[in-house]
Structure formats: C-alpha cells, structure tokens
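Q: Provide a 3D model corresponding to the input given below.
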Amino acid sequence: MALLPYRFRRPKSGTSNKMSGWLALSPLLVFFVIYVTSALFAHSFYTVPISVPFIFASIYAVAITHRYETTAMTINIFSDGTGNKNVLLMVWIILLAGAFAGTSKDIGAINAVANAITNYLPGSLLYFGLFLASCLVSMAMGSNVGTIVALVPIAVGIAEGTGINLPLLVAIIVGGGSFGDNLSFISDTTIAATTTLGCSLRDKFRVNILIAGPAALLVCIIYILLGHSVVTANTVSPINWVALIPYLTTIVLAMAGINVLTVLSFGVLLNGVIGIIQGSYNAIGWMCAIGEGVAGVSELIVVIMLAGGMLEVIRYNGGIDFLAQKVTKGIVGKRTAELSIAALVSLATFCTANNTIAVLTTSKMARGISEKHGLNAMKTASILDTFSCIVQILLPYGLQLLMASGLAHVGIFAIIKHLYYPFVLFVFSMLAILLRFPRKYS
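A: Below is the predicted model:
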C-alpha cells in the first residue's frame, strides 16, 4: 500500500508531542559534532564530504522519531521534507546551475569574463568591484543563489589567472549577494516579512537601508584597503567577446526580473548555440558538458535533500515550537521584544536552513509581539528579514555556502572566515536594536 503523506494521517496517541525540545533539536548537534570532528581528524573541512555527516544525522533523526511513530510514518515524515516544493525548487536551480557552469567553461565564457575584469579593473579595486557587482546583481535578482551561480565561476577564473586567494573572492561574492537578498524588492524574504507585518515594501526598505547601507559602506572601505596591494596581470590577455554573451545575457535577464530557472535554462541553450558556432563542441559535446556540470553538483543535490528531510523531522518533533517558547519568555520592553524577534527568526533559520521559510514560520509570532509591545511594523519587518539573511549566509549546511563551495571547490569554513559583510551587518543590526535606531521607526 502506498504511503500517505503524514499530514493526512492521525498521529499515534501521545507520541511525537511527548518528545522533549532538546531531543527534537539534537540531530543538528549530531551533524555539527560529526562534521567538525571529522574535519579536525582530516585537518581539512573539505576532505570529508559534507553529505556523510548529513547521512548520519538523518539516520539519527529518523531513529529517535521511530521511538514514537511507526516505521512507515517516520519514513513519510522524512520523505515529505526531501520532497518539499522549496527543496525541489533548490534542486532544479542547482541542476541548471551545474549545467550552465559546465557549458560556460567549455566555450571559454568564464575565462573571458575573468580576463575582462582583470584587464580593465585596477588590482587595487578588484575586491571592491566584485563586492559592488554582487550587491547590484543580487539587488536586481532578489536572489543570493542566482548571484552565486553567476559570479562564483568568474571568481574561480580570476583566482586561476592572478593567484589571488580564491576563498576570499568567493566570500566577497557571497557577502555581496546577501545584501540584495536582504534589501531587494523582489526578494522572497522581503515579500514574506512585509506581507505578514502589513507594511509596504518601500517603507520596509527605508528602515532597512539605514541599517544595511552603512554596513555595506564600511565593508566597501575594508575591501578597498585590503585591495591596496593587489596586483593583477601586467599584460592584457585576449578576450573572447563572443563567449561573454551568455553571461551578460543571463545577468540582464535576471535584472529584468525573469525567473531564475528560465534565465539558467536560456543560458544553457545559448552556451550550446555559441559553442557549436565557434567550434568549441558539437551537439553531443554540448550534452556531455551539461552532464559533466550536473555531475559536479550531484553531491550538493543529495545534501539539500537530506537536509530537507532531517529539518522536517525536527519541525515535526516540535523543535521549532520549542525554540519559540524559550525565546519569547521574559519580554519586558521594546528592546527585549525586538531582540526576541531577532532571536526567534535566527533560530528558525538555523533549524530550517531556509530564511524564507523561517520568516514565514515566525512572522505571525513576530506580529503578535510587535502589536503587544507597540513596535514599529516597518522595523519589525526589517529585523525579520535582516537576521534571517545573516544566519542563512553563515550556515555551513545552507544552500548559499554549499553552492559556493561546490562551484569553487573550496572548503566552506575557508569561505566563512572571509565573510565580512554579514558580521558587520550583525553588529549594525544589534546596535539598531540596543540604541533604538532609526529613532523615527523605534
């Protein structure tokens, strides 16, 4: 008999709701312990595939749930998480991103973009230029993932041609991408936060830019100072201008608001046409390039699905509700009310590894806290969006870092230690709460 989705089945009497909150959250602890311990023994966070800690943590999550549910029910819960529409959307994006990266590399597009940047941008402004570009692209796309897909391969090309630290270049792009994810009018988190809190996108942006703008400006200054001693190629490298077309086209389409799946699909097709015309490959070679690109992100797909299943088990067992109850205790004023909202959405993002889902999960509770304690709806929406984006970009099992690490073939923690923007944004966001800034909206 086919298994019914667990949400249509009657839970066994007194089962999962008896699990303690800490036990419900323990699969995350298992993941981190195995991941960090194996990395310490291997002297590298990239030696042991990240899918392995997820496998063990997922088995553990299923095992502790099996104490309270039937085997069929437990498997249903996990499978519902792996087949969640948001998880499958991520899988489609990753598949097409791999195909686009593979076909772009074979026609020389990545080298062409890298050569254009190093030829025409002074070495001292390279870090600043990449950060600004990623901010603008993500602002237009409303997606950190799309920005990473478009720009990380370029960072790889620049690093290969100049010898610059690749994890630093990748971190610059990932950090800049989070700027747009937080502020863009078409970002999922922005729409989710403003819709629930009942304020307009424009009003939320006014508050958000007063906090995120100074943080981004400070990071720009840091990158200019760090890039002072950077030297790029002394000789001008030849640029294959035709190979630039797919990258430029995808960026323009994304900035025009076209869906990221459509943009990537068109980019793969355009790579094929240009590759065949200029003789980089024939039709069979194009399909092989697609296959190689997809194979390169296959582990990432497995990780995303395992994470989706494990996190759904945590949610079902009451882990997120447990956190919500803990966080909302002891609110005594506006500062603690705003801090509790920030903590609530941060913990939800930590547990779901998806900032949009985290905002949707906590926004009603945030609205209740906001109305009870007289908080400004625009600032509450800004807090929800900002802290969810900060935590999301720092999660070693989050899609953004997993994708950036997979595309660049560098360790996740090697990227995190160079992520200046989310840390600076966190400081500015905490100051905005503690110092009641901006005054008009506090």
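
Q: Listing request: residues of the stretch 1-150 of the chain with sub-threshold pLDDT.
A: 1-18, 44-46, 110-111, 113-115, 117-118, 140-142 (pLDDT under 70).

Q: how close does Ala404 sit to Ile383?
A: Spatial separation of Ala404 from Ile383 under the definition Cβ to Cβ, to the nearest Å is 26 Å. Backbone N, C-alpha and C define where each C-beta goes, glycine included.

Q: doesn't Ala63 make contact with Met310?
A: No: if you go by Cβ atoms under 8 Å, Met310 and Ala63 don't touch, sitting 11.7 Å apart.

Q: Looking at these two now, which is surrounded by more residues?
A: The residue with the greater number of neighbours, taking Met310 and Ala63 and applying other Cβ atoms under 10 Å, is Met310; the counts read 27 against 11.

Q: pLDDT score for the more buried one?
A: Reading off the per-residue confidence, Met310 sits at a pLDDT of 87.

Q: just Tyr420 next, same as before
A: Looking at Tyr420 specifically, the model assigns a pLDDT of 95.

Q: Repeat that for Pro238.
A: pLDDT, Pro238: 71.

Q: okay, now the closest residue to Val170 other than its chain neighbours: neighbour count?
A: Distances taken as Cβ to Cβ, 6 or more residues apart in numbering place Ala408 nearest to Val170, at 4.8 Å, with adjacent residues excluded. As a burial measure, Ala408 scores 23 neighbours (other Cβ under 10 Å).

Q: go on, Arg436?
A: Arg436 has 14 neighbours, counted by other Cβ under 10 Å.

Q: quick one: contacts for it?
A: Shown in contact with Arg436 (Cβ atoms under 8 Å, 6 or more residues apart in numbering): 334-335, 442.

Q: List the ones among those residues that fall in helices.
A: Using DSSP state H to define helices, the subset of these located there is 334-335.

Q: Taking the contacts of Arg436, please make a PyMOL selection of just the buried ones.
A: Selecting just the buried residues from these in PyMOL takes one command, with 16 or more other Cβ atoms under 10 Å as the test:
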select buried, resi 334+442
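
Q: out of the contacts of Arg436, who's nearest Pro27?
A: Checking those against Pro27 with Cβ to Cβ, the nearest one is Arg335 at 33.0 Å.

Q: Pull out the buried positions in the biggest helix by length in the chain.
A: The helix of greatest length in the chain, counted in residues with DSSP H as the criterion, is given as helix 201-226. Taking 16+ other Cβ under 10 Å as the neighbour-count basis, helix 201-226 is seen to contain the buried residues 201, 203-208, 210-212, 215-216, 218-220, 222-223, 226.

Q: Stretch 87-99 too?
A: By neighbour count, and taking 16+ other Cβ under 10 Å as the criterion, the buried residues in stretch 87-99 are 87, 90-91, 93-99.

Q: Report the two of those separated the most.
A: Of all pairs drawn from the buried residues of stretch 87-99, the one with the longest distance (Cβ to Cβ) is Val87 and Ala99, at 19.0 Å.

Q: hmm, back to that, who are the contact partners of the residue nearest to Val170?
A: Shown in contact with Ala408 (Cβ under 8 Å, 6+ apart): 152, 155-156, 166-167, 170, 415.

Q: One more pass at 10 Å, please.
A: The contact partners of Ala408, taken as Cβ atoms under 10 Å, 6 or more residues apart in numbering, are 148, 152-153, 155-156, 159, 166-167, 169-171, 173-174, 414-415.

Q: same check, this time on Gly177
A: By Cβ under 10 Å, 6+ apart, the contact set of Gly177 is 131, 134-135, 137-139, 141, 143-152, 389, 393, 400, 404, 421.

Q: in what helix or strand does it lie?
A: helix 166-183 (DSSP states H and E).

Q: Phe413 now?
A: helix 412-416.

Q: what's next to that helix, contact-wise?
A: Outside helix 412-416, the residues within contact range by Cβ under 10 Å, 6+ apart are 35-36, 39, 44-46, 50, 165-175, 393-398, 400-402, 404-406, 408, 422-423.

Q: Separate out the buried members of those.
A: Members of the contacts of helix 412-416 that pass the buried threshold by neighbour count (16+ other Cβ under 10 Å) are listed as 35, 39, 45, 50, 166-175, 393-398, 400-402, 404-406, 408, 422.

Q: surely Phe179 meets Ala215?
A: Yes: under the criterion of Cβ atoms under 10 Å, Phe179 is in contact with Ala215, at a separation of 8.6 Å.

Q: who touches both of those two?
A: Where contact means Cβ under 10 Å, 6+ apart, the residues bridging Phe179 and Ala215 through contact with each are 421-422, 425.

Q: for those residues, which one is nearest Lys379?
A: For Lys379, the nearest member of these is Leu425. The distance, counting by Cβ to Cβ, is 15.3 Å.
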